[in-house]
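Q: need coordinates for the below:
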Amino acid sequence: MKSRIYLMLIGFAIFTGATFNLAKYAVHYFSPASAAAWRFGIAALVMVLILGLQKQIKSKTLKIHWKMYILLGIIGIFGFNAFFFLGMQYTSPLNGALIMGTNPLVTALFAYFILKNPITKQQMLGISFALVGVILVLTQGSLEIIQTLSISKGDLLILAGNLCWALYGVLGRKYLNGSSSMETTTYTMIVGSLCLVILTAFSPSPQPLSHVTWSAWGAILFMALFTSVLGYLWWNKGMATIGASNTSLFFNLVPVVTMILSILTGTLITLPQVIGTWLVILGVLTASGFLNLRRKQKVSASI
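A: Numbering: from 1, shown residues only. Reported below is the predicted structural model:
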């Protein structure tokens, strides 16, 4: 069961890593609010269809959790994406990915204070490996780059989005017992997309819809169907199954995906990037307990 969850979370990391580059491209044609509204409007419609076909629309669940669905929709869908798309107007995909790479630290801290979850030595070791790996990947091991990494307006907006995303997972874990990942994803998306549509009225797009290219629409569709529908479902499934701290560790893979996409567009691979990539993978495996599980299996097999 856990192996399947880990594969889902790796898939989430791949989709989200691509989203940084796609969002940077999309905001050339859409306003940040409009891009987010199209993305989550489409995703919410798909989720409602899936929920209806699976006959999982339960009035009882809505009556119990409607307040939390509204709160999480505002924080995790509206808040995160408003800050994310606006921030991507002013910062690079790599900077955005680096800031979001600190999400496991933020989530672990929120989980400690809100869920009273202890932070184990193994988790701290894994987080440390992964964070060092993220920094190596995005700075190429250059102290000069680290020292000159300015905190721009875009970086601060992405940081605000990072806080929203961490809260979305931790609060959902605490207050949505009895709500399936499908229900949580669908209802929070509906709330968030409605808020984004309202915001769109106050933020005109740089291009009229008739001038938006097919590739820009393709970017929106990818983010809607893969990052939002599949990604959010898998993320919430991870939160419900292996907990907030362990699930958030997979966000460390996101900057690695962003780096790989940069390489595919012509950037050369450096030694620090290779080392950093392996540190990220090692960090995820360490903190998730996968390495301990493999070790126990080998010991059991040898007895």
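Q: where are the low-confidence patches of the chain?
A: 1, 137-138, 140-151, 265, 267-269, 288-303 (pLDDT under 70).
Q: now do the helices in the stretch 101-250 of the chain.
A: 103-110, 121-139, 143-147, 153-175, 181-200, 214-222, 232-242, 244-248 (DSSP state H, counting those that start in this stretch).
Q: hey, which of these is tucked in deepest?
A: Mean neighbours per residue, mean count of other Cβ atoms under 10 Å, is largest over the helices of the stretch 101-250 of the chain for helix 244-248, with a mean of 27. All C-beta atoms are positioned from the backbone trio N, CA, C, and that covers glycine.
Q: so which elements touch that helix?
A: helix 103-110, helix 153-175, helix 232-242, helix 271-288 (3 or more Cβ pairs under 8 Å, 6 or more residues apart in numbering; DSSP states H and E).
Q: list of residues touching the longest helix seen in the chain?
A: Scanning the chain for the longest helix, with DSSP state H as the assignment, gives helix 2-26. By Cβ atoms under 8 Å, 6 or more residues apart in numbering, the list of residues contacting helix 2-26 from outside reads 35, 84-85, 88, 92-94, 96-97, 215-216, 219-220, 222-223, 226-227, 230-231, 234-235, 237-238, 241-242, 247, 250-251, 253-258, 260-262, 288, 290.
Q: which of the residues in whichever helix or strand Leu49 is part of are buried?
A: Using DSSP states H and E, Leu49 maps to helix 32-53. For helix 32-53, the buried set under the neighbour-count rule, 16 or more other Cβ atoms under 10 Å, comprises 32-44, 46-47, 51.
Q: tell me which of those is nearest to Ile70?
A: Nearest to Ile70 among these is Ala44, at 14.0 Å by Cβ to Cβ.
Q: so that closest one sits against Thr186, correct?
A: Yes. Using Cβ atoms under 8 Å, Ala44 is in contact with Thr186, at 7.1 Å.
Q: need the contact list for the closest residue to Val27 other than its chain neighbours.
A: Counting by Cβ to Cβ, 6 or more residues apart in numbering, Val27 lies nearest to Gln89, which is 5.2 Å off, once chain neighbours are set aside. Shown in contact with Gln89 (Cβ under 8 Å, 6+ apart): 27, 32, 154.
Q: ditto for Leu253
A: Neighbouring residues of Leu253 by Cβ under 8 Å, 6+ apart: 10, 13-14, 17, 280-281, 284.
Q: closest to Trp165 out of those residues?
A: Distance ranking of those against Trp165, using Cβ to Cβ, places Ala13 first at 13.3 Å.
Q: and for that closest one, the neighbour number?
A: Residues lying near Ala13 (other Cβ atoms under 10 Å) number 24.
Q: helix, strand or coil: sort out the closest residue to it other than its chain neighbours for me.
A: Spatially, and ignoring its direct neighbours in sequence, Ala13 is nearest to Leu253 (3.6 Å; Cβ to Cβ, 6+ apart). With DSSP: H, G, I helix; E, B strand; the rest coil as the basis, Leu253 sits in helix.
Q: since that was my last question, I'll sign off now.
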